[in-house]
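Quick one: sequence plus predicted model below, questions after.
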Amino acid sequence: MSETIASKTAVFDLHAIAANFPSTSETMLIDTRLTEEDEASARVFRVYTPVAAHYHATCDEHLLVLSGRATFFLGDAEPFELGPGQLVFFKKGTVHGTPKILQEPFVVFAVDTPRRDPSDVHFVNSADGTAETFIRSQILY
C-alpha cells in the first residue's frame, strides 16, 4: 500500500492483499478493510464456504470478482456463475448469497455505499449464521 497527503489518498495492490488470505477460515469470509469513510467503505474478501441467503440493511454493494468462480444469487432469481472481471451491483435489502464455490480462491473487491458496519448482516434463516460466523475483518487503514 502506498499512501500520500496525510492518508487522504492511497494505492492498494489488491492481488497482493488477496494472496495473503489464509487457506482456511473459521468464518464464512475474511476481509481486509481498505477504507472506512462514512460515505463508503472498500474491502477485499475471500469466501471460504457457501454463504446462505442474507442481506445488508444499511448499504448498497458493488462486488468485483478478482479470482475464482462461484454461483451467486440475487433475490428470487436463479443462481448464476461469477468469475474474474465480473461486477455485481445491488441495493440495500437485496437478499443474496453464494451457494457454491466452483474454483478457489474466490476473492472479491467490494465497495459499500454508505459504509457497511461488519455487524450489518441479516440471514433470512437465522440458523444459517450470525455476524460473528459470517466474517472476520483485518484492517489496513
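Arrived safely, thanks for sending. Please read these numbers as outputs of a predicted model, since none were measured by experiment.

Contact partners for the residue positioned nearest the centre of the chain?
Central residue of the chain (C-alpha atoms, centre = their mean): Phe45, 4.8 Å from the mean position. Going by C-beta atoms under 8 Å, 6 or more residues apart in numbering, Phe45 touches Leu29, Ile30, Asp31, Thr32, Val107, Val108, Ala110, Ile135. Placement of C-beta: from N, CA and C, glycine included.

can you pull up the bridge partners for the third one?
Listed beta-bridge partners, Asp31: Phe45, Ser137 (assigned using DSSP bridges).

Surely it and Val47 touch.
No - between Asp31 and Val47 there is no contact under C-beta atoms under 8 Å: 9.9 Å.

residues touching the closest residue to Ala40 other than its chain neighbours, list them.
Of all residues beyond its chain neighbours, the one nearest Ala40 is Thr113 (4.6 Å), with distances taken as C-beta to C-beta, 6 or more residues apart in numbering. By C-beta under 8 Å, 6+ apart, the contact list for Thr113 reads Glu39, Ala40, Cys59, Asp60, His62.

how about a cut-off of 10 Å?
Glu37, Glu39, Ala40, Ser41, Ala42, Thr58, Cys59, Asp60, Glu61, His62, Lys92 (C-beta atoms under 10 Å, 6 or more residues apart in numbering).
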